[in-house]
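Q: kindly generate the corresponding structure for this input.
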Amino acid sequence: MYFRNSDALCIDNITLEGYKEKLYQIPVQFIAYVDEMRGDFILVTDTRRLLHKRPHFLEQWNGVAVVAEKPEFLDDPENEKSPKKKNS
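A: Numbers count the residues shown, from 1 in each chain. Below is the predicted model of the structure:
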């Protein structure tokens with residue numbers, strides 16, 4: 001099951017549910033929720049490395065993944081207020 005979303009910043013994203021058996025089919029990078037102690041969100045950038053570092057990931061993961069696409073242009077007034085990084 002999946003849900004296509006677009007948030008207030010116009011960032012296209014999709015929420016995937018029930019993908020535990022299809023972990024390797026999910027495009028990286030994605031956000032996963034793991035039920036570990038208090039619960040935590042993790043950014044998955046490399047599936048094989050993740051499973052090596054966290055062997056119990058599949059047991060702790062609830063099977064929901066959020067995948068977002070980087071927008072070509074981000075027009076957000078709040079970003080304009082942020083202090084700019086100086087290039088050295």
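Q: buried ones in stretch 19-33?
A: 19, 23, 26, 30, 32, 33 (16 or more other CB atoms under 10 Å). In short, each C-beta sits where N, CA and C put it, glycine included.
Q: what does stretch 33-48 give?
A: Neighbour-count burial for stretch 33-48 [16+ other CB under 10 Å]: 33, 34, 42, 44.
Q: my guess is the last one contacts residue 27. True?
A: It refers to residue 44. No - contact criterion CB atoms under 8 Å: residue 44 and residue 27 do not qualify, at 10.0 Å.
Q: on that earlier part again, which one in the buried residues of stretch 19-33 is the model shakiest on?
A: Least confident of those in the model: residue 19, at 78.
Q: which helices and strands sit right next to the lengthiest helix in the chain?
A: In the chain, with assignment by DSSP state H, the single longest helix is helix 47-53. Here helix 47-53 touches helix 57-60, going by 3 or more CB pairs under 8 Å, 6 or more residues apart in numbering; DSSP states H and E.
Q: helices or strands next to the helix it packs on in the packing?
A: In this structure, helix 57-60 makes packing contacts with strand 30-34, helix 47-53, judged by 3+ CB pairs under 8 Å, 6+ apart.
Q: tell me the confidence at residue 63?
A: pLDDT, read off for residue 63, is 90.
Q: which of the helices or strands spans it?
A: Assigned by DSSP states H and E, residue 63 belongs to strand 61-68.
Q: and that strand, what's buried?
A: For strand 61-68, burial by neighbour count (16+ other CB under 10 Å) applies to 61, 63, 64, 65, 67, 68.
Q: which residue is the nearest non-sequential neighbour of the fifth one?
A: Here the nearest residue to residue 67 in space, its sequence neighbours aside, is residue 30; by CB to CB, 6 or more residues apart in numbering that works out to 4.6 Å.
Q: let me see the contact set for the one you found.
A: Contact partners of residue 30, counting by CB atoms under 8 Å, 6 or more residues apart in numbering, are 16, 43, 44, 65, 66, 67.
Q: try 7 Å
A: 44, 65, 66, 67 (CB atoms under 7 Å, 6 or more residues apart in numbering).
Q: please apply the same query to residue 39.
A: If you count contacts by CB under 7 Å, 6+ apart, then residue 39 has residue 33 around it.
Q: fine by me, thanks again.
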